[in-house]
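S.K.: Sequence first, then the predicted structure:
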Amino acid sequence: MLFPNDEENSEALLNLLYKKNIKKAKIILLKGENGRKLVEKNLSKNNFNISVIECYKKSFKIISSLSIKQWRAYKINTLIITSGDVLKKLNEVIDVLNKNEWLFRCKIFVVGYRLAEIAKKIGWKDIIVCNYANNENLLKIIKKHN
């Protein structure tokens, strides 16, 4: 089993696989339904022996205006986001007033520069980039920045 040590994202995984030059190995890519196609497309294009298994499905909870009021009442001011889909969904479901008065004022921790760019385009200003998606590293960087 291989996984990148420097960053936990698709780009780092591709770099690792190209460095190891394991085109003859049988690679099984486990991913979410309708997930990013970056790894799959790149490995297929470069003749890696790859099989893809979609092993989970994202299901977004309905966010009510009551939930948003509660989050604001609890003075939630920091978010951890590990998916571009979550960034986009928050932008979709939260009304403009709450986005401008609360959501975009929250500090946001994202995993990787790709998510940071998405967050910036959507409207966040205080964006911290984490290289690792595991709890230990996320907590460490949050403590450092709060």
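M.R.: On my side now, so go ahead.
S.K.: Let's verify residue 79: helix, strand, or coil?
M.R.: Taking DSSP: H, G, I helix; E, B strand; the rest coil as the rule, one finds residue 79 in the strand state.
S.K.: Report the contact partners of it.
M.R.: 106-109 (Cβ atoms under 8 Å, 6 or more residues apart in numbering). In this view, the C-beta of every residue, glycine as well, is placed from N, C-alpha and C.
S.K.: With residue 133 instead?
M.R.: Contacts of residue 133 by Cβ under 8 Å, 6+ apart are 8, 82, 111.
S.K.: For residue 77, grab phi and psi.
M.R.: With angles defined as degrees, to the nearest 10, residue 77 sits at phi -130, psi 10.
S.K.: Could you check how many residues crowd around the nearest residue to it once chain neighbours are set aside?
M.R.: Leaving aside its sequence neighbours, residue 77 sits nearest to residue 106 (Cβ to Cβ, 6 or more residues apart in numbering; 5.3 Å). Counted with other Cβ atoms under 10 Å, the neighbours of residue 106 add up to 16.
S.K.: Alright, calling it a day.
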